[in-house]
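> how does the following fold in three dimensions:
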Amino acid sequence: MSSPDSSASSALPFGRLTTAMVTPFRPDGALDLEAAQKVATYLVDRGNDALVINGTTGEAPTTSDAEKVQLVKAVLDAVGDRAKVIAGVGTNDTRHTIECAKQAEAAGADGLLVVTPYYNKPPQDGLRAHFTAVADATGLPNMVYDIPGRAGVEVKTETLIALAEHPRIVAVKDAKGDVAGATKVMANTDLFYYCGADELNLAWLAIGAVGIASVVAHVASEPYRQLIDAVVAGDLATAREIDRRVVPAVEAIMTRTQGAIMVKAALKLAGVIEHATLRSPLIEATAEQVDWLTTDLKTAGLIA
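Predicted coordinates:
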């Protein structure tokens with residue numbers, strides 16, 4: 001059983017600090033690969049040892065399969081071997097997910113993020129069959145993304161324990177918040193846990209998660225790296241101080257409106273991207289939301 005203080009970051013399949021990266025677009029909505037490379041480099045320079053491309057925050061529902069492949073290749077070109085590049089491949093169609101997984105592997109991805117099939121609400125046996133089929137389709141390590149708030153169905157504790165028997169299902173990104181269930185999974189498997197809800201990062205690290213898969217890390221990578229390192233070192237007092245300091249940023253990005261909207265606005269405020277364009281049905285942050293965001297990021301000490 002692995003724990004935060006027993007595994008070197010380099011030995012973990014998905015690192016410790018992972019940002020679920022945005023997908024930059026030009027004002028006309030076209031994919032901006034140069035900006036994506038700039039964001040990726042910015043994040044790795046600030047402590048990320050892995051990046052998730054084509055996840056929810058990357059607006060995967062509105063990018064084509066071809067664009068997803070282009071993004072993986074562009075980010076790999078930008079960061080080289082300095083960070084692992086994890087491709088989001090999850091859909092609510094097992095055949096399509098397998099196609100995306102194979103394309104990501106061919107593009108050079110280091111691993112796969114596979115979200116729970118959404119909207120069609122499969123039973124647990126269906127989920128097990130889905131995740132197993134995707135893991136069988138490539139030679140890459142898989143991270144199961146458990147997010148019932150978006151998917152409409154959870155991956156139950158017993159299902160996760162069963163999935164852990166697969167040699168390529170090695171991790172869970174948890175946005176469910178079931179601490180007791182996750183503790184049971186970690187006690188009975190070798191699955192690596194990653195917190196997928198920024199407001200719970202410290203809590204999850206404290207119970208045995210090896211890292212975080214963050215949205216707020218777009219603008220808070222350095223404090224989150226320090227927080228993780230503090231937990232690994234057993235310095236919970238420092239970890240608590242850092243966690244509390246970042247609270248205004250978490251609230252600003254994750255509670256005002258949809259996360260991708262606010263984090264693109266935050267990256268624009270930080271001077272990392274020039275355009276905060278999103279693809280419909282997502283829309284850019286309002287002037288009022290940007291004002292709130294600016295105040296909260298300053299309070300958290302993340303922008304001047």
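> stretch 271-280 - what's its average pLDDT?
Across stretch 271-280, pLDDT averages out at 97.
> do stretch 121-138 as well
Mean predicted confidence for stretch 121-138 is 98.
> name the residues of that stretch that are buried.
122, 127-128, 130-132, 134-135, 137-138 (16 or more other CB atoms under 10 Å). The way it works is simple: take the backbone N, C-alpha and C, and place the C-beta from them, glycine included.
> kindly report the same for stretch 45-63.
46-60, 63.
> stretch 144-161 too?
Of all the residues in stretch 144-161, those buried under the rule 16+ other CB under 10 Å are 144-147, 151, 153-157, 159-161.
> farthest-separated two in the buried residues of stretch 121-138?
The most widely separated members of the buried residues of stretch 121-138, counting by CB to CB, are 122 and 138 (21.1 Å).
> for the residue lying closest to residue 239 once chain neighbours are set aside, give me its contacts.
Leaving aside its sequence neighbours, residue 239 sits nearest to residue 230 (CB to CB, 6 or more residues apart in numbering; 4.0 Å). Residues near residue 230 by CB atoms under 8 Å, 6 or more residues apart in numbering: 236, 238-239, 242.
> thinking again about what came up before, now render the buried residues of stretch 121-138 as CSV, adding secondary structure and distance to residue 11.
Shown next, in CSV, are these (DSSP: H, G, I helix; E, B strand; the rest coil; distance: CB to CB, whole Å):
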residue, secondary structure, distance to residue 11
122, coil, 33
127, helix, 28
128, helix, 27
130, helix, 28
131, helix, 23
132, helix, 25
134, helix, 24
135, helix, 20
137, helix, 25
138, coil, 21
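> so can I have TSV of these showing distance to residue 198?
Putting these into TSV (distance: CB to CB, whole Å) gives the following:
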residue	distance to residue 198
122	28
127	25
128	29
130	27
131	25
132	30
134	26
135	27
137	31
138	29
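> which one among these gets closest to residue 76?
Looking across the buried residues of stretch 121-138 and measuring by CB to CB, the closest to residue 76 is residue 138, at 16.0 Å.
> dihedrals phi and psi, the closest residue to the closest one other than its chain neighbours?
In this structure, residue 138 finds its nearest non-sequential neighbour in residue 105, 4.3 Å apart by CB to CB, 6+ apart. Note on residue 105: backbone dihedrals following degrees, to the nearest 10 are phi -60, psi -40.
> then residue 171?
The phi/psi pair for residue 171 (degrees, to the nearest 10) is phi -150, psi 160.
> bridging residues for it?
Beta-bridge pairing for residue 171 (DSSP bridges): residue 143, residue 192.
> which residues are in contact with it?
Residue 171 touches 13-14, 141-144, 191-194, counting by CB under 8 Å, 6+ apart.
> state the distance from it to residue 141.
According to CB to CB, to the nearest Å, residue 171 stands 7 Å off from residue 141.
> need the overlap of contacts for these two.
Counting by CB under 8 Å, 6+ apart, the common neighbours of residue 171 and residue 141 are 13-14.
> mind pulling up the pLDDT for residue 257?
pLDDT for residue 257: 85.
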